[in-house]
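*Asks:* coordinates only, no sequence provided:
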């Protein structure tokens, strides 16, 4: 057998009992004949001593820190995790070594706090494998060509693992988390949600971008580009989890699988701008979008017509956006407490009536639709955050995803 990359999240590394389960998964894979490369996140969540957010609290003085220094601090959590897991493996009689992301060959650009991987040369990882040593790599980080430590943005330990997997020519990348694979909806919202055995890259990428937190979207993109399958599993479980791969004989998009799952994102605000002028001729629309971009405010669900512009943004940007938009000759309406609920499925492309079923489900549940957008693989509806549960359950039932 070949190389298997196994990535373990913060919840998997948070306690001694959980780390024992992690060790079990690694040794089980080794016993099956794989050469294992392990990627880890920082241990636990806010409040636990080595979690990234806990480390950040140490310097939360209200004074702006240089992003370079923040990256140095935030990279520590994953390095601590790697060293601790190495000791667990050594105690069990196995050779292992801890590597920072840059030491594992991950080179990034110079954007501190949200760097992108530009190259992976895993020479030290391959050398460790050839020597019979298990490399345990700190995820979420890399080095610039000048040797500066950078971090890749929250949730990007998955991205580190997949990028290494592609560079190593691994047979598969396993993502271990606290849920048993990809679900048809958030089980905390829809009790009838079930695990999907197989999904396509396109479907899981859409779901990840639209609010499903099971895997980082960039990790899926890299896996798709590198044609490497992913398996998403629960730590401590012997369930096969969910396989993510391209369309083929084992991932057939059938007519009866129009929709794969329902995703949602809360904490949004809707912005509506109205004017009697023509947004195009006055170049008013351009000036507004340029102003928001300069302020670093990201927009979604954008709709532009002659006299009206609508979009949504994160609620935390609402006050800043309102202040910025007050400089323009437009009437501004901002509605907070909104959520984006999305129906996702690679099989909906070219199928008539999907939108009709979405509207019928939401109207039947008494959910108001404020705005919609769509692509070949999703239909998204803006609803009140208080109605998310009703919306998700109605759509899940409409498309019979509990079967």
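*Replies:* Thanks, I have it. Here the structure is a predicted model, which means the values were calculated and not measured.

*Asks:* all contacts plus neighbour counts: C-alpha atoms, from now on.
*Replies:* Noted.

*Asks:* show me what residue 342 is bridged to.
*Replies:* Beta-bridge partners of residue 342, counted by DSSP bridges, are residue 263, residue 380.

*Asks:* can you check residue 300 too?
*Replies:* The partner residues for residue 300, given DSSP bridges, come to residue 312.

*Asks:* next, the contact list for it, please.
*Replies:* Listed by C-alpha atoms under 8 Å, 6 or more residues apart in numbering, the contact partners of residue 300 are 311, 312, 313.

*Asks:* again, but for residue 20
*Replies:* By C-alpha under 8 Å, 6+ apart, the residues touching residue 20 are residue 88.

*Asks:* going forward, count from 43.
*Replies:* Done: numbering now begins at 43, and the last item shifts to residue 62.

*Asks:* pretty sure it sits in a helix.
*Replies:* Yes - using DSSP: H, G, I helix; E, B strand; the rest coil, the assignment for residue 62 is a helix.

*Asks:* now it: how far from residue 141?
*Replies:* Distance of residue 62 to residue 141, computed by C-alpha to C-alpha, to the nearest Å: 20 Å.

*Asks:* then residue 159?
*Replies:* Applying C-alpha to C-alpha, the value for residue 159 to residue 141 is 17 Å.

*Asks:* list the contacts of stretch 132-139.
*Replies:* Residues outside stretch 132-139 that contact it (C-alpha under 8 Å, 6+ apart) are 125, 128, 129, 131, 170, 174, 175, 176, 177, 178.

*Asks:* please pick the buried ones from the residues you listed.
*Replies:* Buried residues within the contacts of stretch 132-139, counting neighbours by 16 or more other C-alpha atoms under 10 Å: 125, 128, 129, 131, 170, 175, 176, 177, 178.

*Asks:* dump the residues you listed into CSV; add pLDDT, secondary structure and distance to residue 338 as well.
*Replies:* Shown next, in CSV, are the buried ones among the contacts of stretch 132-139 (pLDDT from 0 to 100; DSSP: H, G, I helix; E, B strand; the rest coil; distance: C-alpha to C-alpha, whole Å):
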residue, pLDDT, secondary structure, distance to residue 338
125, 97, helix, 37
128, 97, helix, 40
129, 96, helix, 43
131, 97, helix, 44
170, 97, helix, 42
175, 98, coil, 45
176, 98, strand, 42
177, 98, strand, 38
178, 98, strand, 36
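
*Asks:* contact partners for residue 88?
*Replies:* With C-alpha under 8 Å, 6+ apart, residue 88 has these contacts: 94, 95, 96.

*Asks:* does the first one touch residue 87 like I think?
*Replies:* Yep, that's residue 94 we're talking about. Yes - the pair residue 94 / residue 87 is scored as a contact, 7.3 Å apart, by C-alpha atoms under 8 Å.

*Asks:* give me the more crowded residue out of the two.
*Replies:* residue 94 (24 against 15; other C-alpha atoms under 10 Å).

*Asks:* tell me the phi and psi of that one?
*Replies:* Phi and psi for residue 94, reported as degrees, to the nearest 10, are phi -60, psi -40.

*Asks:* check the gap between it and residue 317 for me.
*Replies:* In this view, residue 94 and residue 317 are 45 Å apart by C-alpha to C-alpha.

*Asks:* identify the residue spatially nearest to residue 157, adjacent ones excluded.
*Replies:* Residue nearest to residue 157 in three dimensions, not counting chain neighbours: residue 194, with 4.6 Å by C-alpha to C-alpha, 6 or more residues apart in numbering.
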